[in-house]
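# just a sequence and a predicted model for now, questions to come.
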2 protein chains.
Amino acid sequence: MTVLTRPILEIDLNNLLDNYHSLQKIAGNAVCAAVVKDDAYGLGATNVAPMLYMEAGCRHFFVAHAVEAERIVSQVPEATIFVLQGVGEDSLEIFKQHKQIIPVISSPQMLAFWNANKPDERKPAIQIETGLNRLGFRETELARMSDVECQNFCLVMSHLACGDEKDHFMNGHQLDNFKRLKNTYFPKLPASLSASDGVFLGQEFQQDLVRLGAAMYGINTAPYRPNQMKNVVRVQAPVLQIETLPKGEFVGYSATYRANTDRKIAIVSIGYGDGLPRSLSNVGKVFFKVNDKLSEARIIGRVSMDNIICDVTNINNLEVGDMAFLADDFYTLDDMGRDAGTISYEIMSRIGKNTRYVRKLVFNR
Amino acid sequence: MTVLTRPILEIDLNNLLDNYHSLQKIAGNAVCAAVVKDDAYGLGATNVAPMLYMEAGCRHFFVAHAVEAERIVSQVPEATIFVLQGVGEDSLEIFKQHKQIIPVISSPQMLAFWNANKPDERKPAIQIETGLNRLGFRETELARMSDVECQNFCLVMSHLACGDEKDHFMNGHQLDNFKRLKNTYFPKLPASLSASDGVFLGQEFQQDLVRLGAAMYGINTAPYRPNQMKNVVRVQAPVLQIETLPKGEFVGYSATYRANTDRKIAIVSIGYGDGLPRSLSNVGKVFFKVNDKLSEARIIGRVSMDNIICDVTNINNLEVGDMAFLADDFYTLDDMGRDAGTISYEIMSRIGKNTRYVRKLVFNR
């Protein structure tokens, strides 16, 4: 018997690289940029970005904030790093220091700020609005720009609202808008419309550059069919204790679970303090491997900060120190997202930022 | 007009210290330990622990994992740090290196492991189970221990399931169990039953040592009456763009919001990548201050990784660069938790771990 206390987070960079290459094939002639914002969806931009730079020759990266670009810039010396949230007084200094970091300008106010403060003649990218109604120039704003102004960008981009729903009317609507605005205002500029989900919608959506994020991290961004990507994230946590829960007793905070019959429970060393969604309370699943057989167990009671309690009544021979599998190739963060009432993106972004994990990077090329 | 891009996280250590002192008064003669697990609920244990050590003379800390103790141990040289998840093969080395780090033993297996591997004669703490049905020795397990074994601990502790509900039957039930088990097996040991919520339940619950966590961080752990604690966390994010949303158009991923009339929207630079719960989609609130007047606005559409979209139709004179208030003294994380279908604890733990914030520590004593 082994006594263990720490959860384990395994990040499979082999599979991440394979996913990048698979997406590259689907994307045909489009340039494949890697989206490493939000610390590479929580998985660690300082691991992911240099790996893609060296192993896959990736030379275009997207982050949300300039501070995120700053953290990886020395690792990807010949790459261009686009900053989706653009530039402001609180980030200008970073653009001054690194010529390879390029702001994505999303409003007339931001463009005016850039033109008044830009450190050199580098051309920014421009985000245009095609239906998501989030960041980007509206057509009325584009119409007020001169031809000369319109030529002073290096890339025109937009973003799909419903790219993960193959037949959603928004996709064609946004593509039409994008083509029309691009041809009217930026006829000579390289164009980018799609993130991971749009790559699967066909060549028209791929344009000149695609921004690979979620799918590269193993998320199914085409959920209308089985996932073609490999799983990247695995989470385990040790069983700290196994006990009988007598009939009639309660479990966890606010006593939200009551045993109707005698149960066997396992206390597992992971909680929302490790990024496990608290919404898995009384509904989440974990898995155990006993004698190579995989068994499913339910989370009972509330997920607390450091622990969950699992009903293991039907699992024989489970022992203290055995590992519970929270996420793995057979139960991915997509599955967990469904059970937790959210999406894998949110869970991935949370889990990766916690420092109590034993962190294992899988990479052997 | 100012263009800004980064969200701001303000942690008010003045108020945190005041909360510690307020709780100390309520706790009477009990020793006040500080719970700094999960990186001080996400707020930064390496800021919180030394501040309480120096300014409040706090000499007892609780963390969940030994690695968390290791990160603060040099900052609190004369304090005792208790490790709630106990000790195992994956953490033994830390206990070997630091005599002031004390495991909380929660099972016979863990006790056997400690006795077989302990580096010296330091006495661990023992967790006993009184009704939460989480970690801790069950009575059947205590009954198998000898008198000598029972005397070989430095503290006996348990944890309340429903301490935030003043009149919940579990409180009296757990107190009775605790007193009975303590008197039977550990009559001479210092005792600890209560975390923040139990402190408000009166002297019997306070025993010899209370473990101050949530309430110290400003969370209302006695929600049956108005919060007596001061707010510790404030979150703001800048407006990147203000636009008209024409009637009939959709907002955000999966087009979950549609405008029934022309609206005015603000795109605000914060998202679930900064720890804002995605469950605030279409239900969350933000606040704006225009000419010193506070106005409320609804989040419309899905919360995305880096941005939210707010309906600001009824807010005049709002400008790009103005700050949206996500959490503040007038709308705390408790309020946000209610709106997001979770608890402030989970949100606090998430928000504090993100590195895109401009982080401001308020402290001036």
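Arrived safely. Numbering: from 1, shown residues only, chains lettered A, B, ... in the order given.

# how about the residues of the stretch 101-250 of chain A by chain B?
Selection of the stretch 101-250 of chain A residues close to chain B by Cβ under 8 Å from any Cβ of the partner chain yields A:106-107, A:109-110, A:113, A:129, A:131-135, A:138, A:161-162, A:164-165, A:168, A:170, A:238, A:240-241, A:243-245, A:249-250. Where C-beta positions appear, they are placed from N, C-alpha and C, glycine not excepted.

# let's go with 6 Å and repeat that
Taking Cβ under 6 Å from any Cβ of the partner chain as the measure of proximity, the stretch 101-250 of chain A contacts chain B at A:107, A:109-110, A:113, A:133-135, A:138, A:161-162, A:170, A:241, A:243, A:245, A:249.

# now, which of these lie within strands?
A:Gln241, A:Glu243, A:Leu245 (DSSP state E).

# circling back to that earlier point, now, the residues of the stretch 101-250 of chain A next to chain B that are in helices?
Mapping these onto helices (DSSP state H) picks out A:Gln109, A:Met110, A:Phe113, A:Met170.

# and the last one, what is it in contact with?
Residues near A:Met170 by Cβ atoms under 6 Å, 6 or more residues apart in numbering or on different chains: A:Gly131, A:Ala161, A:Cys162, B:Ala255.

# so what's it closest to, chain neighbours aside?
Distances taken as Cβ to Cβ, 6 or more residues apart in numbering or on different chains place A:Cys162 nearest to A:Met170, at 4.2 Å, with adjacent residues excluded.

# coming back round to it: could I get the ones in strands among the residues of the stretch 101-250 of chain A next to chain B as CSV with pLDDT?
Listed next are those as CSV, based on pLDDT from 0 to 100:
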residue, pLDDT
A:Gln241, 98
A:Glu243, 97
A:Leu245, 97
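
# which of those residues sits closest to A:Lys123?
A:Gln241 (60.4 Å; Cβ to Cβ).

# list the beta-bridge partners for the closest one.
As for beta bridges, A:Gln241 partners with A:Ile267 under DSSP bridges.

# what does the one 10 residues further on give?
Residues found in beta-bridge contact with A:Val251 (criterion: DSSP bridges) are A:Tyr257.

# picking that back up, the ones in helices among the residues of the stretch 101-250 of chain A next to chain B: which two are farthest apart?
A:Phe113 and A:Met170 (30.8 Å).

# most surrounded residue in the ones in helices among the residues of the stretch 101-250 of chain A next to chain B?
Of these, A:Met110 is surrounded by the most neighbours, 27 neighbours in total, counting by other Cβ atoms under 10 Å in any protein chain shown.

# how about the residues of the stretch 251-365 of chain A that lie near chain B?
Taking Cβ under 6 Å from any Cβ as the measure of proximity, the stretch 251-365 of chain A contacts chain B at A:251, A:253-255, A:267, A:269, A:272-273, A:278, A:305-307, A:320, A:342, A:346, A:349-350, A:353, A:356.

# so of those residues, which ones are in helices?
The helices, defined by DSSP H, take in A:Glu346, A:Ser349, A:Arg350 from those.

# so which of these is the most crowded?
In terms of neighbours by other Cβ under 10 Å, these top out with A:Ser349 at 28 neighbours.

# still on that earlier bit, for the ones in helices among the residues of the stretch 101-250 of chain A next to chain B, give me a markdown table that also has distance to A:Ile101.
Below are those laid out as a markdown table (distance: Cβ to Cβ, whole Å):
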| residue | distance to A:Ile101 |
| --- | --- |
| A:Gln109 | 20 |
| A:Met110 | 15 |
| A:Phe113 | 16 |
| A:Met170 | 31 |
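
# just curious, which of the residues you listed is nearest to B:Val362?
Taking Cβ to Cβ as the measure, A:Phe113 is the one of those closest to B:Val362, at 28.9 Å.

# beyond the helix or strand harbouring A:Ala49, next helix or strand please.
With secondary structure defined by DSSP states H and E, A:Ala49 is part of helix A:45-55. For helix A:45-55, the following helix or strand on the C-terminal side (DSSP H and E) is strand A:60-63.

# for the helix or strand of chain A with the lowest mean pLDDT, which residues meet the burial criterion?
None of the helices or strands of chain A scores lower by mean pLDDT, DSSP states H and E than helix A:147-150, at a mean of 94. Going by neighbour count (16 or more other Cβ atoms under 10 Å in any protein chain shown), the buried part of helix A:147-150 is A:Cys150.

# mind listing what the helix or strand just after it pairs with, with the direction of each?
Downstream of helix A:147-150, the first helix or strand assigned by DSSP H and E is strand A:155-157. Strand A:155-157 sits in its sheet next to strand A:125-127 (parallel), strand A:191-192 (parallel), going by DSSP bridges.

# can you redo those as a markdown table with mean neighbour count?
Formatted as a markdown table, the strands paired with strand A:155-157 follow (neighbours: other Cβ atoms under 10 Å in any protein chain shown):
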| stretch | mean neighbour count |
| --- | --- |
| strand A:125-127 | 26 |
| strand A:191-192 | 24 |
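
# next, format those strands as JSON lines and append mean pLDDT.
Listed next are these as JSON lines, based on pLDDT from 0 to 100:
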{"stretch": "strand A:125-127", "mean pLDDT": "98"}
{"stretch": "strand A:191-192", "mean pLDDT": "98"}
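
# sorry, back to before: now list the buried members of the contacts of A:Met170.
A:Gly131, A:Ala161, A:Cys162, B:Ala255.

# from memory the first one sits against A:Gly172, does it?
Spelled out, it's A:Gly131. No: A:Gly131 is not in contact with A:Gly172 according to Cβ atoms under 6 Å; the separation is 10.1 Å.

# show me what counts as buried in the helix holding A:Ala49.
In terms of neighbour count (16+ other Cβ under 10 Å), helix A:45-55 has its buried residues at A:Ala45, A:Asn47, A:Val48, A:Ala49, A:Pro50, A:Met51, A:Leu52, A:Tyr53, A:Glu55.

# near chain B at all, it?
No: Helix A:45-55 is not in contact with chain B by Cβ under 6 Å from any Cβ; minimum separation 10.1 Å.

# show me the contact partners of stretch A:209-227.
With contacts defined as Cβ under 6 Å, 6+ apart, stretch A:209-227 is touched by A:19-20, A:23, A:27, A:30-35, A:41, A:62, A:164, A:166, A:192, A:194-197, A:199-200, A:229, A:231-232, A:334, A:344.

# oh sorry, the question was meant for stretch A:68-75
A:Ala45, A:Ala49, A:Pro50, A:Val63, A:Ile81, A:Val83, A:Ile94, A:His98, A:Ile101.

# next up, the contacts around A:Met305.
A:Met305 touches A:Gly271, A:Tyr272, A:Gly273, B:Asp38, counting by Cβ under 6 Å, 6+ apart.

# same thing but at 8 Å, please
A:Met305 makes contacts with A:Gly271, A:Tyr272, A:Gly273, B:Lys37, B:Asp38, B:Ala64, B:Tyr345, B:Ser349, as judged by Cβ atoms under 8 Å, 6 or more residues apart in numbering or on different chains.

# and for A:Gly341?
By Cβ under 8 Å, 6+ apart, the residues touching A:Gly341 are A:Ser279, B:Ser279.
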